[in-house]
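In: here you go, sequence then predicted model.
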Amino acid sequence: MRSGYAAALVLSTLLACPARAEPVAAPSAPNNAASAAAAAAAQAQSAASKSAATKLAPPAEPVQPPVAPAPPASSVDETPAEPGSTADAPPPQAAVRPAASDNAAQAAPAAKSAPASPAATAGPAAQAAAPEAAKAKLIAAKTLFGAAKNAAPLAARAIGTYARGCLAGAKPLAVDGPTWQAMRLSRNRTWGHPDLIAMLERFAGEVKQDGWPGLLVGDISQPRGGPMLTGHASHQLGLDADIWFTPMPDHRMTKKERETLAATSMLASDSLSVDPKVWTDSRVKIIKRVASYPQVERVLVHPAIKKALCEAGGTDRAWLNKVRPYWGHFYHFHVRIGCPEGSVGCKPQAPVPGEDGCGKELDDWFQLLTRKPKPRPPGEPKIVVKPSKPKPPVTLDDLPAECRTVLATGSDIKLPPPAAVASTPAKAKPHAKATATAAKAPAAPKPAAAKPAAAKTAPKPAEKKAPPTKAAAAKTVEKIKKE
């Protein structure tokens, strides 16, 4: 009886009471202290990282405006825009090349500080002289080439590219010829490769057959080529020449007239077509003539003039592919010849396309000229863009190495030392005894790499036990009965 009562009591207790999770053993006091210290260190490191990131992160840049439209892909290899035209006249708005935004991404500063420069670790005198030395290294190449007054007494040779090079053995175009007159004499840009000068003299002598009285010749190149102080990005090899659309007058002009005479624009008031009052068939003929010369590779004109030439081309259109549309070039046309024989180092441009250029390419240009900027949505704040830093000037070290010889030969122009010599300090040679001692000395043992501490794992929480079933409870009762 007593045994049956106990079994019944156990059975009722097991079925009535829910199973409880066993309490998780709390870690010992040392473990609690270590965990707290690790957590505090992690929080401190996170705070330090956030603070460092805040200091190193660059300030938020203002939103950049949309990039100005680029020329069509087929015209990318043409001459860069020339800020100052030969005629010194303000071009119409639609004919001006849009100024492209400088969207070059700036590299984010590194978290680790860069090693100190020699100037930073030098003494006060050296630190004071460092800025002056840096300025001396950045003498613009245009300053050096603009100072040359005569040609380099070397064999005639065009060196480099049309927009980054120089000219040896240049020949000047005579100021006055039977059928030409040189303009803007104060610039001293009547110099060119002998092949170009010979071509210009021939061209001037043949234009009378086209009803043209004679040529007004603008900029060709400087005495030794190279970058110019103002104006063109090209004209550096003595292979480019600007010819005015204004005909030569019937008298020899004075120096003052050649400096002040304004050229005539060929564009109408819409800047998208030629003005029929000034655009004549004789201008079509002289462009066709010069483009037909085998040594001429390109003739650059405004897109509106290219369109007029396409319309007047007739059935003989082989010359039209050399006539290339480009920004500006409505007061003058730009004639370019290829690299002459013997000009080792002269880098030619890619050949012009085989088609006449009067189709899709010209349509793309007119889409650029007529594109209107998107209006700003109402209520949108005006975007203020910080002016970008001016680009460093093109230096003599940016040009072919032979250009240094071109400037130095037969000239008293003081040239800056090459960048490799000016910026690399001379290395001190170690003493012979010190070198021998260092060779005999045994190499220092490498410190043993510290083994990473084993990570302490937190104790797993105990699993909850499921409540006993009736069958299990019955077995327990039978066991108690047997006892």
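Out: Thanks, I have it. Numbers count the residues shown, from 1 in each chain.
In: SS state for residue 206?
Out: Under DSSP: H, G, I helix; E, B strand; the rest coil, residue 206 falls in the helix class.
In: identify the residue spatially nearest to it, adjacent ones excluded.
Out: residue 289 (6.4 Å; Cβ to Cβ, 6 or more residues apart in numbering). (Each C-beta comes from the backbone N, C-alpha and C, glycine too.)
In: surely the one you found meets residue 207?
Out: Yes - between residue 289 and residue 207 there is a contact at 7.0 Å, judged by Cβ atoms under 8 Å.
In: quick one: residues contacting residue 239.
Out: By Cβ atoms under 8 Å, 6 or more residues apart in numbering, residue 239 lies in contact with 158, 162, 192, 193, 195, 196, 221, 336, 337, 338, 339, 340.
In: what about the residue nearest to residue 206, distance to residue 323?
Out: 12 Å (Cβ to Cβ, to the nearest Å).
In: those two: which is more packed in?
Out: More neighbours surround residue 323 than the other of residue 289 and residue 323, with 24 against 17 (other Cβ atoms under 10 Å).
In: now the more buried one: closest residue in space, sequence neighbours ignored.
Out: residue 299 (4.9 Å).
In: my guess is that neighbour is in a helix, correct?
Out: No - assignment of residue 299 by three-state DSSP gives strand, placing it outside any helix.
In: neighbours around it, how many?
Out: Close neighbours of residue 299, defined as other Cβ under 10 Å, add up to 23.
In: might you list the low-confidence residue ranges for the stretch 101-250 of the chain?
Out: Within the stretch 101-250 of the chain, the ranges that satisfy pLDDT under 70 run 101-137.
In: repeat that for 50
Out: Applying pLDDT under 50 to the stretch 101-250 of the chain flags the ranges 101-122, 126, 129, 131-133, 135.
In: my read is that residue 278 contacts residue 266, right?
Out: Yes - the pair residue 278 and residue 266 qualifies as a contact (Cβ under 8 Å) at a distance of 6.0 Å.
In: what is in contact with these two at once?
Out: Common contacts of residue 278 and residue 266 (Cβ under 8 Å, 6+ apart): residue 245.
In: please identify which of these two sits among more neighbours.
Out: Neighbour count, other Cβ under 10 Å: between residue 278 and residue 266, residue 266 has more, with 24 against 14.
In: and the pLDDT at the more buried one?
Out: At residue 266, the pLDDT value in this model is 96.
In: what does residue 355 give?
Out: For residue 355, the predicted pLDDT is 89.
In: follow-up on the earlier one: list the contacts of the residue nearest to residue 206.
Out: Here residue 289 is in contact with 203, 206, 207, 210 (criterion: Cβ under 8 Å, 6+ apart).
In: apart from its neighbours in sequence, what residue is nearest the last one?
Out: It refers to residue 210. Leaving aside its chain neighbours, residue 210 sits nearest to residue 285 (3.7 Å; criterion: Cβ to Cβ, 6+ apart).
In: in the helix or strand where that neighbour lies, which residues are buried?
Out: Secondary structure assignment for residue 285, by DSSP states H and E: helix 281-291. Neighbour-count burial for helix 281-291, with 16 or more other Cβ atoms under 10 Å as criterion, is recorded at 283, 284, 285, 286, 287, 288, 289, 290, 291.
In: pLDDT for the residues you listed - can I get that in a markdown table?
Out: Converted to a markdown table, these look like this (pLDDT from 0 to 100):
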| residue | pLDDT |
| --- | --- |
| 283 | 97 |
| 284 | 97 |
| 285 | 97 |
| 286 | 97 |
| 287 | 97 |
| 288 | 97 |
| 289 | 97 |
| 290 | 97 |
| 291 | 97 |
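In: sec struct for residue 307, please.
Out: At residue 307 the chain is in helix, as set by three-state DSSP.
In: tell me how many other residues crowd the closest residue to it other than its chain neighbours.
Out: Leaving aside its sequence neighbours, residue 307 sits nearest to residue 362 (Cβ to Cβ, 6+ apart; 6.1 Å). Using other Cβ under 10 Å, residue 362 has 18 neighbouring residues.
In: hang on, residue 362 packs against residue 310?
Out: Yes - if you go by Cβ under 8 Å, residue 362 and residue 310 touch, sitting 6.9 Å apart.
In: for this protein, what spans make up the helices?
Out: Secondary structure of the chain by DSSP state H: the helices cover 2-16, 29-56, 118-121, 124-137, 141-146, 194-206, 255-260, 281-291, 303-312, 360-370, 402-408, 419-423, 432-440, 470-482.
In: any idea of the mean pLDDT for the second one?
Out: Averaging pLDDT along helix 29-56 yields 48.
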